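Visitor: Below: sequence and its predicted model.
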Amino acid sequence: MGAYILRRLLMLVPVLFGALTLTFFVTRVIPADPVGAILGPQAPPELVDKIRREWGFDKPLHEQFVNYILGVVRGDWGRALRTGRPVLRDILEVFPATLELATAALFVSVAVGVPLGLVAALKKDTWVDHVVRAFITIGSSTPAFWLGLMMLLLFYHRLGWLPGPGRLDTSIPPPPRITGMVTIDSLLAGRFDAFANAVAHLVMPASVLGWISSAGIARITRSSVLEVLSKEHVRAARAKGLAEKLVVSRHVLRNALVPVVTVIGVTYGGLLEGAVMTETVFSWPGLGRYSTNALLGLDYMAITGVTMFVALVYSIVNLATDVIYAYLDPRIRYG
Amino acid sequence: MQANESIKQRKFNVHMVTIAALLIALAGSWAYVLTRPQAPQLKPLTNTSTLVMATDISVIISLDPAEAYELEGCMIVNQLYDKLVELSWNPITGQVEVVPEVAESWEISSDGLTWTFHIRKGITFADGSPLTADAVVFSLRRVVKLGLTPSWILTQFGLTEDSIQKIDDYTVQIKLPRKVAPDLFLSCLAFTTGAIVNPEVVKAHEQKGDLGNAWLKEHSAGSGPFILEKWERESEVVLIANEKYWRGAPRIKRIVIKHVPEPINRVLMLEKGDVDIAFGLTQELVERVKDEVGIRLVSVPVFTKTYLAMNTKFEPFKDNRVREAVRWAIDYNAIFKFLGAQAIPLQTFIDKGIPGYNPSAPYYRNVERARQLLAEAGYPNGFEVELMAPTSYPARDVAEIVRRSLEEVGIRVKLKLVTSAEMYKIYRQQAHQMILAGWGADYPDPDALAKAFADYRARQLAWRNVWYDDYAANLTEIAAQETNPEKRLALYRELTEYVLHNGPYAILYQNMATVAVRTWVENFVLDPMELLPDLYKAYKESVYGYG
């Protein structure tokens, strides 16, 4: 298992290289001028040229590429045009917010999706099943922006049950930044007031993302459980006279979970990319907004940096998913 | 079995229809309830020492005064630093004036080339060290040396590091290589690039000869009423009061500028009382809060305008009659109807509130006249043209109105909506045909606009539209050097009239900025530069604890 993990980690290198190269050349080919846009319409042309030269954008493309690769190897992912700061630093600043939101959303989606899928499968063709199937269709197509705004209008504006956009109330001093995740940092600092407030702020955006992602998880859970239910060993267990609860918990669930874990992994990877619509509505300073702004402003370095980072995160999540398989299904062995 | 299957299918169908009906009813009633106007309520005023503002701070690139150029950035920098002279908006005259700040007086030599500034005694930086001529010289030289984006505002007069000299601890002299109209020079000194930074602090944080730029981007070292506590990108900027401020400590002890990218959220937070001031409202939101209890609107015409430009390199636009035809074709009424309170009429290139403003607005929608001019110029059946416009609100809607107006006179417009990165690349290469864009005055002096709209040698708008008109360019240069104020205004009168009728532009409107404020905020004055609100003077108070 250890050797397998090591091999998978080594495979990251060609993956990252591929992502990097593709993004690099695609962004440079687009006929737009990020330096001009960043300096604004009033900047004199000499200044635009000067800044372009400072950033090395006037050099031939292959030379820029080689310089960039050499930099990446050293840990220098270039500077983001819009912030003037190292890209990696920018990404590490915004990523914890996304990590916090994505993890909370994942909890919600699993807590909602798995039971719903399970119940739908067990009660197939009843109204319960039909409600869940309707939810599966609608849930994933609910626009996050609309749902977020509606929730804000209802729970924040009308009812006042939950706080508004942002991660923490203005009146509460933030805890010292250790991980960048306000909830964790509050606990580490022993600040329960900040922790409670941060969790309250997390409820709506996590619910929005969770709702949308839970549809896919419910679907796979339902179909996977249905498949396992038709298997012989289940019929055998029932024939033995085993109580339904035990049939389900001992013989059905664990076997049904393997494909579900795949989907959970993919969902988590997708959530970790950042969700720009949810982040916008809830003023959540995450990776989604950062990468969207980078794309719109054609911030070359930031775009390439974000692509590599996301590829890295995805690969790690995939690896973790595969490792979990091995624990779930003893038949799976990695050599 | 067949029968079983069809019963299952029917059951499924019935359930689906029921669920769909329930969902529609649920969504419908939810939307209905939420869009019912709620009786506005007064909110309790809980915190009088913190001022919370909601806006979009993602445009801020740097808070280093030698680098800050975006509106929001400059507004923050203005709270952190003092300058030799400051801009002050006089709401009665409606004009922005230059007033003394760090410099309590100044003289200009008879040849107009040497300026001597006398520095006020007793000003200290936030850390207690005194502000003397050394700091002034260091700060201004720093701007020239770093040569960052806004540095041209000072260096356009030919300033070098040697131009700025210390005479004694409280006297600074600036020698210009050529004569400049006094108001013009002072307006430029009053821009954020003129901010005085604490030399010791800046030097202590210097890295690799960057004159402290990397550090000063995210920290402050000034003598202004507020100190930068932190700037979390995409999240918030927090300022705390400078208790040692030379004019006395501010009443507001903490300012939080929250990043709220969605305009409707800014209004929701304002209505709940979580935010005291909300910037950047759309017309619909203005309508919503207009009459709400507890909220008042502050509006001011700002020094930003939206214009249509025609590249004279494109064959039809070479003939001024065609350009005149465009000016006569546009449905200005439709534009103002759409924008409502967000715009005021403007057809000349100097904004209202800046000296030299020319209220002349002779163009209105006259389809026959436009067609006649086109026919005279040899285009009786019109022609095809591509119009580039931003994808954002409200520009894209205004572009659509322009397109429709021009269709009626036979000019067939192909509308191309692009992001700013794409737009400026094409515009700067003079590769467009027609473009809808905006321009903001960097400083409240007519020269800022004249250089852009009339002087092709400045390589700004006149140049981008290939309007190489020597008469306009010469007039701009003469006016920039004219020391007699009346003569100067007369020159701009002539220039604005000339550009109005002969230039490659159809200036559409001047923007109005509207900001929504909770009634418990006192002394918040919005100015046309949009970066002068003197938060030092603001405070929060309400008679019964509600507002």
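Guide: Noted; the coordinates are in hand.

Visitor: Looking at the chain, which helix is longest?
Guide: Just so you know, I chose chain A. helix A:192-229 (DSSP state H).

Visitor: Let me rephrase: I mean chain B.
Guide: helix B:2-35.

Visitor: Any residue of the helix or strand following that one touching chain A?
Guide: Elements were assigned by DSSP states H and E; along the chain past helix B:2-35, the next helix or strand is strand B:50-55. Yes. Against chain A, strand B:50-55 shows contacts by CB under 8 Å from any CB of the partner chain at B:50, B:52. The way it works is simple: take the backbone N, C-alpha and C, and place the C-beta from them, glycine included.

Visitor: Give me the angle between the helix or strand that strand B:50-55 is followed by and strand B:50-55.
Guide: Next helix or strand after strand B:50-55 toward the C-terminus (DSSP H and E): helix B:71-80. Here the directions of helix B:71-80 and strand B:50-55 differ by 160 degrees (axes from the mean of the first three to the mean of the last three CA atoms, to 10 degrees).

Visitor: Pull helix B:71-80 out as CSV, backbone CA atoms only.
Guide: Only the C-alpha atoms of helix B:71-80 are listed here, as CSV (Å, rounded to 0.1, in the frame of the first residue of the first chain):
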residue,chain,number,x,y,z
LEU,B,71,-11.0,54.9,-6.7
GLU,B,72,-11.6,52.7,-3.7
GLY,B,73,-7.8,52.4,-3.1
CYS,B,74,-7.4,56.2,-3.3
MET,B,75,-10.3,56.8,-1.0
ILE,B,76,-8.6,54.7,1.7
VAL,B,77,-5.2,56.2,1.1
ASN,B,78,-6.7,59.6,1.6
GLN,B,79,-7.7,58.7,5.2
LEU,B,80,-4.2,57.5,6.0
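
Visitor: What residues does the stretch 101-250 of chain A have near chain B?
Guide: Counting by CB under 8 Å from any CB, the stretch 101-250 of chain A sits next to chain B at A:125, A:127, A:130-131, A:134, A:138, A:149-150, A:152-154, A:156-158, A:160, A:164-167, A:169-171.

Visitor: In terms of helices and strands, where is the residue of the stretch 401-547 of chain B found nearest chain A?
Guide: Going by CB to the nearest CB, chain A is nearest to residue B:425 of the stretch 401-547 of chain B, at 3.3 Å. Taking DSSP H and E as the definition, one finds residue B:425 inside helix B:420-428.

Visitor: One more: residue A:135?
Guide: Going by DSSP H and E, residue A:135 is in helix A:127-141.

Visitor: At which residues are the helices of the stretch 201-335 of chain A located?
Guide: Here the stretch 201-335 of chain A has its helices, by DSSP state H, counting those that start in this stretch, at A:232-240, A:244-246, A:253-272, A:276-281, A:287-296, A:300-328.

Visitor: Can you give me the neighbour number for residue B:207?
Guide: 10 (other CB atoms under 10 Å in any protein chain shown).

Visitor: Correction: the previous question concerned residue B:331.
Guide: 18.

Visitor: How about residue B:543?
Guide: So residue B:543, with other CB under 10 Å, has 8 neighbours.

Visitor: does it sit in a helix, a strand or a coil?
Guide: coil (DSSP: H, G, I helix; E, B strand; the rest coil).

Visitor: now do residue A:187
Guide: helix.

Visitor: for the record, mean pLDDT for the helix or strand hosting residue A:150?
Guide: Element membership for residue A:150 (DSSP H and E) is helix A:144-151. For helix A:144-151, the mean pLDDT works out to 92.

Visitor: Need the CA coordinates for that helix. CSV is fine.
Guide: The C-alpha trace of helix A:144-151 is given here as CSV (Å, rounded to 0.1, in the frame of the first residue of the first chain):
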residue,chain,number,x,y,z
ALA,A,144,-26.8,28.4,-6.5
PHE,A,145,-27.0,32.1,-6.9
TRP,A,146,-30.8,32.1,-6.7
LEU,A,147,-31.0,29.7,-3.8
GLY,A,148,-28.4,31.6,-1.9
LEU,A,149,-30.1,35.0,-2.4
MET,A,150,-33.5,33.5,-1.5
MET,A,151,-32.1,32.0,1.7
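
Visitor: in what helix or strand does residue A:100 lie?
Guide: Going by DSSP H and E, residue A:100 is part of helix A:87-122.

Visitor: that older thread, helices or strands next to the helix holding residue A:135 in the packing?
Guide: helix A:87-122, helix A:192-229, helix B:2-35 (3 or more CB pairs under 8 Å, 6 or more residues apart in numbering or on different chains; DSSP states H and E).

Visitor: what's the angle between that helix and helix A:192-229?
Guide: Using the same axes, to 10 degrees: helix A:127-141 against helix A:192-229 is 120 degrees.

Visitor: Fine, thanks again, bye for now.
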